[in-house]
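Participant: build me a structure from this.
(one chain, ligands or ions: 1)
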Amino acid sequence: MTKSPFAELVKWSNLQYASLPWRKHRSLYTTLVSEIMLQQTTVGTVLNHFEKFLQSYPSIEHLAKASEEEVCISWKGLGYYRRARNLRNLAIQIVQNHQGKIPVESVVLLQLKGIGPYTANALVAIGANKRALAVDANLERVLARFFGYKDVKGIRLQKKISNDFNNKKILNDIEKIGPRKLNESLMDLGRVICQARKASCALCPLKGDCVAFSSGKPENFPTILNKKTSLEHTLKLLRVVVKEKNKILFYQKNHDEWLSGQWELPSFILETSDDSLKQYPKIEWNKKFTETHMIKTGITKYSIENQIVEMNLIEFKRLTKSIDIDYIFKIPNEKLNLSTASIKVLKRIK
Ligand code: SF4
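Facilitator: Residues are numbered from 1 along each chain as shown. As a prediction, this is how the structure comes out:
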């Protein structure tokens with residue numbers, strides 16, 4: 001009987017990546033934390049934060065009891081804070097509705113607010129080691145190449161792969177190999193060897209059976225539609241520093257804004273190439289920036305020039321008389337969940 005190429009893949013993955021901390025001491029809770037952390041963040045970044053986060057919140061009950069601000073502070077360095085709030089909300093739902101026990105059936109998991117098909121399948125396959133396939137962009141690419149799906153990359157193809165898996169058209173030996181190991185090893189392969197721009201097939205344990213490899217042009221699977229590449233917008237912001245003894249004026253970002261929940265220095269749009277941008281109020285500022293500082297930052301598709309000015313409260317109230325935002329004096333210590341840009345600005349003016 002010929003050996004499954006996926007058994008070789010699992011062997012390769014075990015040798016290289018079995019020591020990742022979320023694979024060493026595994027529970028459904030640690031799987032939930034690691035899966036949410038790993039979405040949109042590299043393994044290297046998660047490595048620096050995973051164990052510390054678990055020291056702060058060793059169980060789902062600890063996480064459910066923590067305030068949103070505390071969890072966001074512990075999340076610092078991982079970015080995309082929506083995931084931190086989502087993780088805490090999931091912990092609350094699981095404690096309140098499932099006695100703190102993370103469900104292991106996809107249908108039940110999908111009823112939780114904040115769990116989509118990928119996370120549900122990851123919890124079933126990786127957390128519970130039951131038959132499921134967590135198809136994200138990495139698995140989509142690896143499986144499209146291995147099985148020769150030429151479809152356009154995206155949600156439709158991910159659904160097609162999931163349907164083919166559910167209808168037992170592909171990966172029928174998953175239970176023999178182990179759902180957890182198969183999912184993890186496919187993720188490893190997509191992350192390290194079968195990358196979007198470069199498939200390093202010479203190093204790949206699957207090359208003997210891979211359709212894309214035998215085609216000679218592995219990167220052509222799946223099909224990628226040409227996208228406009230220039231998404232970059234310029235944004236010039238005014239960042240205002242108003243001091244009162246050891247306190248500084250801040251405001252908290254709303255839930256539907258970038259950096260929601262974080263505290264930020266009063267910030268206003270001076271100029272932008274994106275007319276639709278509504279994350280900050282627009283303001284007219286005709287004074288020259290002669291005795292001020294400027295730093296450059298970036299977020300999503302914006303390259304930002306931050307013009308920093310210090311002023312007193314009377315000047316600030318005059319400047320913002322038509323702006324409906326609650327500005328509050330706060331001590332800028334580590335307990336305050338400050339945005340990265342605000343931290344940079346404050347360092348600059350010290
Ligand atoms: S052989 Fe090449 S294209 Fe096929 S799965 Fe491996 S790295 Fe990807």
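
Participant: closest residue of the stretch 51-200 of the chain to the ligand?
Facilitator: Closest to the ligand within the stretch 51-200 of the chain is C194: 3.2 Å, counting by Cβ to the nearest ligand atom. Every C-beta, even on glycine, is put in place using the N, C-alpha and C of the backbone.

Participant: for that residue, which non-adjacent residue is closest in space?
Facilitator: V142 (4.8 Å; Cβ to Cβ, 6 or more residues apart in numbering).

Participant: also K181?
Facilitator: Counting by Cβ to Cβ, 6+ apart, V10 is the residue found nearest to K181 once chain neighbours are left out, at 4.6 Å.

Participant: phi and psi next, for the residue nearest the centre of the chain.
Facilitator: The geometric centre of the chain, computed from its C-alpha atoms, lies nearest to Q40 (Cα atoms, centre = their mean), at 3.2 Å. For Q40, the backbone dihedrals (degrees, to the nearest 10) come out as phi 70, psi 10.

Participant: my guess is it contacts Y81. True?
Facilitator: No: counting by Cβ atoms under 8 Å, Y81 is not a contact partner of Q40; they are 11.3 Å apart.

Participant: quick one, phi/psi of the residue nearest to Y81 when sequence neighbours are not counted?
Facilitator: Leaving aside its sequence neighbours, Y81 sits nearest to C72 (Cβ to Cβ, 6+ apart; 5.4 Å). The phi and psi torsions at C72 (degrees, to the nearest 10) take the values phi -70, psi -40.

Participant: burial count for C72?
Facilitator: C72: 20 surrounding residues under other Cβ atoms under 10 Å.

Participant: and it, what is it in contact with?
Facilitator: Residues in contact with C72, defined by Cβ atoms under 8 Å, 6 or more residues apart in numbering, are Y81, A84, R85, G261, Q262, N337.

Participant: residues contacting the helix or strand containing N163, please?
Facilitator: Element membership of N163 [criterion: DSSP states H and E] is helix 155-166. With contact meaning Cβ under 8 Å, 6+ apart, helix 155-166 is reached by 117, 121, 133, 135-136, 139-140, 143-144, 149, 151, 170-171, 222.
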